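Q: structure for this input, please:
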Amino acid sequence: MAQKTYAGVKVDVNDEGYFTNPSQWTKEIALEIAKEENLSLTGQHFAIIEFLRSRYLGGEALSIRSINHSGVTDVKTFYQLFPGAPLKKATKIAGIPKPVSCI
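A: Okay, the predicted model is just below:
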């Protein structure tokens, strides 16, 4: 298992850089990961991140469809906030493993 340092804290990550221990996540760490992804986080980003974390920690599978039905945002906005591969980027920043629905 690899480790990476964010905001002065060593965290456990897999070979793709996704957290293997979500309890190590903090908002400060999220800000640093977002910088690596060339994103500047806003309140809207954090609303989505918190939604993803709560769903993952509650044992639910994550998908683009679940984001669309979340009431937090719609798919179009989700893609605008996390361009490219939105679910992959958002879960990485949220400190949770990459969803199985992501290739």
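
Q: count the neighbours of the spatially closest residue to Phe19 that is not a sequence neighbour for me.
A: Computed as C-beta to C-beta, 6 or more residues apart in numbering, the closest residue to Phe19 that is not its neighbour in sequence is Gly95, at 4.4 Å. To be clear about C-beta, it is placed using only N, CA and C from the backbone, and glycine gets the same treatment. Gly95: 26 surrounding residues under other C-beta atoms under 10 Å.

Q: distance of Gly95 from Phe82?
A: Look at Gly95 and Phe82: by C-beta to C-beta, to the nearest Å, they are 15 Å apart.

Q: cool, and Ala61?
A: Ala61 is 18 Å from Phe82, by C-beta to C-beta.

Q: Lys76 too?
A: Lys76 sits 12 Å away from Phe82, going by C-beta to C-beta.

Q: of the two, who's got more company?
A: Phe82 (23 against 9).

Q: correct me if wrong: that one contacts Thr91.
A: No. Phe82 lies out of contact with Thr91 (C-beta atoms under 8 Å); the separation is 9.5 Å.
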